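> give me the fold of what follows.
(one chain, ligands or ions: 2)
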Amino acid sequence: MYSLSWKTMAMAVGLLLLFSSMEVESSLSLPDKIIKLPGQPQVSFQQFSGYVTVDEKNQRALFYYFVEAEIDPASKPLVLWLNGGPGCSSLGVGAFSENGPFRPNGEVLVRNEYSWNKEANMLYLETPIGVGFSYSTDASSYVAVGDKITARDNLLFLQRWFLKFPQYKHRDLFITGESYAGHYVPQLAELMIQFNKKEKLFNLKGVALGNPVLEFTTDFNSRAEYIWSHGLISDSTYRLFTSACNYSRYVSEYYRGSVSPICSRVMNQVTKETSRFVDKYDVTLDVCISSVLSQSQVISPQQVTERIDVCVEDETVNYLNRKDVQGAFHARLVNVNRWTVCSNILDYKLLDLEIPTISIVGSIVKAGIPVLVYSGDQDSVIPLTGSRTLVHGLAKELRLNATAPYRVWFEGKQVGGWTQVYGDILSFATIRGASHEAPFSQPERSLVLFKSFLQGRPLPEAF
Ligand SMILES: *[C@@H]1O[C@H](CO)[C@@H](O)[C@H](O)[C@H]1NC(C)=O
Ligand SMILES: *[C@@H]1O[C@H](CO)[C@@H](O)[C@H](O)[C@H]1NC(C)=O
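Residues are numbered from 1 along each chain as shown. Ligands and ions are numbered 1, 2, ... in the order given. Reported below is the predicted structural model:
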């Protein structure tokens with residue numbers, strides 16, 4: 001059971017007036033050590049957070065939150081987690097709503113029993129600049145940010161983060177993420193593979209992508225059938241949404257600032273029927289969770305204006321805007337007054353959305369690195385059907401035969417979802433009953449999937 005509303009907390013620790021902004025060239029990660037987060041229960045693992053400068057000239061710095069594994073961190077891999085948007089925070093969404101060790105609840109932080117730091121050392125990065133606590137002192141640099149700069153900054157971030165944490169330098173490394181991280185993660189992995197040809201630095205062992213944008217026409221146009229088959233739109237509206245104007249065309253027009261009358265008409269009809277009281281990120285979930293809802297507002301543009309804030313009290317937003325919390329995190333607000341779930345100062349190159357990354361996924365597989373694409377199966381924003389088509393198509397292109405047939409997998413005595421594996425290296429899996437933010441709505445099943453992925457083992461075939 002999970003709770004839909006986490007209450008925030010208050011409790012002052014406010015220690016740590018160390019030089020967190022100094023980039024330490026040696027193994028001295030101590031200034032970044034978190035003594036204790038306000039309201040946090042006693043835990044045995046260590047936490048760190050702070051900044052890594054990625055561009056001295058323009059004073060660009062990325063903020064990270066690092067949670068070591070609960071048990072024996074030295075034996076466990078390093079996992080980077082990235083949320084999407086573009087422009088949403090891996091700290092607020094990933095760490096505090098999905099797979100991190102705590103969730104804000106009233107005045108305190110409560111433990112997440114299914115935290116991914118049970119299996120790995122988890123590194124949450126707020127990227128690109130302008131997201132969360134990450135910043136550039138030159139506000140004009142928020143304009144030119146797109147996929148290219150983001151990937152380059154992320155790569156540089158990791159290189160320099162290893163200077164702070166040299167013990168993790170040669171550790172097995174996995175990159176994971178969700179939604180628009182379907183761009184960030186493959187693009188970063190590709191740079192790592194290139195970098196490794198000159199100097200073997202990144203011990204990249206696998207990539208996992210949750211409800212990712214991989215090829216925007218396939219991903220977006222699978223929405224029509226998904227919402228139609230789940231009863232959210234009528235037969236006649238479905239016909240319009242697949243013939244008169246499909247979703248990828250609407251989004252294309254929208255980001256070019258010229259929505260055609262026909263697309264406008266179709267989208268109005270679709271929006272009217274689906275209703276704003278249904279969570280597009282989980283068509284069976286009651287509406288709430290404003291921070292989670294907003295994660296992919298950019299890839300769902302028609303929802304921006306009609307978004308309603310059912311949960312006015314956003315626990316994470318309240319928590320991360322507390323001065324004592326920011327102090328404990330060694331975080332600063334630069335060029336903004338408040339920490340927000342998704343950036344409103346970043347002016348991302350949104351047309352980068354149209355760049356397909358499925359071919360990059362192909363080159364990662366060809367380089368011998370396992371890739372898992374997984375889908376929360378209640379998500380209508382990036383539905384499982386589009387992802388499954390893309391993975392299947394890629395397997396075909398790479399001539400990878402199915403090494404495990406399409407079958408169910410188990411968590412406990414219940415079906416956790418379905419899975420298929422190609423060439424023992426490319427996998428697809430659904431998480432049954434999960435939303436766009438799968439670890440949020442199905443934490444237990446998500447942890448089983450995560451563990452299998454890290455161990456390179458098949459998902460449980462029986463119970
Ligand atoms: C979506 O619309 C575009 C433009 O009209 C068209 O080229 C494309 O084939 C359509 N895709 C689907 C899946 O209907
Ligand atoms: C894949 O399956 C086809 C058809 O069964 C077979 O001819 C081919 O050798 C297989 N390829 C690999 C790499 O196993």
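> strands along the stretch 301-450 of the chain, start to end?
371-376, 402-411, 414-422, 426-431 (DSSP state E, counting those that start in this stretch).
> so what strands line up beside the last one?
Strand partners for strand 426-431, identified by DSSP bridges, are recorded as strand 371-376 (parallel), strand 414-422 (antiparallel).
> okay, and for the stretch 101-250 of the chain, where does confidence drop off?
The model of the stretch 101-250 of the chain has no residue with pLDDT under 70.
> that older thread, the strands paired with strand 426-431: which one's closest to ligand 1?
With distances scored as Cβ to the nearest ligand atom, the stretch of the strands paired with strand 426-431 nearest to ligand 1 is strand 371-376 (18.7 Å). For the C-beta atoms, the positions are set from N, CA and C on the backbone; glycine is no exception.
> quick check: mean pLDDT across the closest one?
The average pLDDT within strand 371-376 is 98.
> re the thing from before, reformat the strands of the stretch 301-450 of the chain as a markdown table; add mean neighbour count.
Shown next, in a markdown table, are those (neighbours: other Cβ atoms under 10 Å):
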| stretch | mean neighbour count |
| --- | --- |
| strand 371-376 | 26 |
| strand 402-411 | 15 |
| strand 414-422 | 20 |
| strand 426-431 | 26 |
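> of all these, which one is nearest residue 322?
Closest to residue 322 of those, according to Cβ to Cβ: strand 371-376, at 30.4 Å.
> can you list contacts of the closest one?
The contact list for strand 371-376, computed with Cβ atoms under 8 Å, 6 or more residues apart in numbering, reads 206-212, 214, 282, 361, 364-365, 382-384, 387-388, 390-391, 417, 425-431, 434-438, 441-442, 449, 453.
> in the sheet, who's paired with residue 50?
Going by DSSP bridges, residue 50 is paired in beta bridges with residue 64.
> can you show me the CA trace of the helix or strand hosting residue 174 as CSV?
Element membership for residue 174, per DSSP states H and E: strand 173-178. Extracted C-alpha coordinates of strand 173-178, given in CSV (Å, rounded to 0.1, in the frame of the first residue of the first chain):
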residue,chain,number,x,y,z
LEU,A,173,27.5,1.9,-13.3
PHE,A,174,23.9,1.9,-14.4
ILE,A,175,22.0,4.8,-15.9
THR,A,176,18.2,4.9,-15.3
GLY,A,177,15.5,7.4,-15.9
GLU,A,178,12.0,8.0,-17.0
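> past it, which element shows up next along the chain?
Scanning forward in sequence from strand 173-178 by DSSP H and E, the next helix or strand is helix 181-198.
> quickly find the element holding the residue of the chain most remote from its centre.
Within the chain, residue 236 marks the point farthest from the mean C-alpha position, 34.6 Å out by Cα atoms, centre = their mean. Using DSSP H and E, residue 236 falls within helix 235-243.
> residues of that helix that come out buried?
237-238, 240-241 (16 or more other Cβ atoms under 10 Å).
> compute the inter-axis angle for the strand holding residue 174 and strand 371-376.
With axes from the mean of the first three to the mean of the last three Cα atoms, to 10 degrees as the basis, strand 173-178 and strand 371-376 are set at 30 degrees to each other.
> run through who's touching strand 173-178.
Contacts for strand 173-178 (Cβ under 8 Å, 6+ apart): 77-84, 90, 94, 120, 184-185, 188-189, 202-212, 436-438, 450, 453-454.
> stretch 130-139 now?
51, 55, 58-63, 85, 87-92, 126-129, 142, 145, 320, 326, 329, 331-336, 339-340, 342-343, 345-346.
> run the last query once more with 7 Å
58-63, 87-89, 91-92, 126-127, 129, 142, 145, 331-332, 334-335, 339, 343, 345-346 (Cβ atoms under 7 Å, 6 or more residues apart in numbering).
> and for stretch 154-162?
Counting by Cβ under 7 Å, 6+ apart, 52, 54, 62, 64, 125, 127, 168-169, 184, 188, 191-192, 195, 201 sit against stretch 154-162.
> distance check, whichever residue of the stretch 301-450 of the chain sits closest to ligand 1 against residue 243.
Residue of the stretch 301-450 of the chain nearest ligand 1, by Cβ to the nearest ligand atom: residue 386 (10.0 Å). According to Cβ to Cβ, to the nearest Å, residue 386 and residue 243 sit 18 Å apart.
> what number of residues lie near residue 225?
By the criterion of other Cβ atoms under 10 Å, residue 225 has 15 neighbours.
> helix or strand for it, which one?
helix 216-229.
> which strands or helices does that helix pack on?
Contact partners of helix 216-229 among helices and strands, from 3 or more Cβ pairs under 7 Å, 6 or more residues apart in numbering; DSSP states H and E: helix 235-243, helix 247-255, helix 384-397.
> how about those helices in JSON lines, adding distance to residue 43?
Formatted as JSON lines, the helices and strands packed on helix 216-229 follow (distance: least, Cβ to Cβ, whole Å):
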{"stretch": "helix 235-243", "distance to residue 43": "48"}
{"stretch": "helix 247-255", "distance to residue 43": "42"}
{"stretch": "helix 384-397", "distance to residue 43": "35"}
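> I am finished for the moment; much appreciated.
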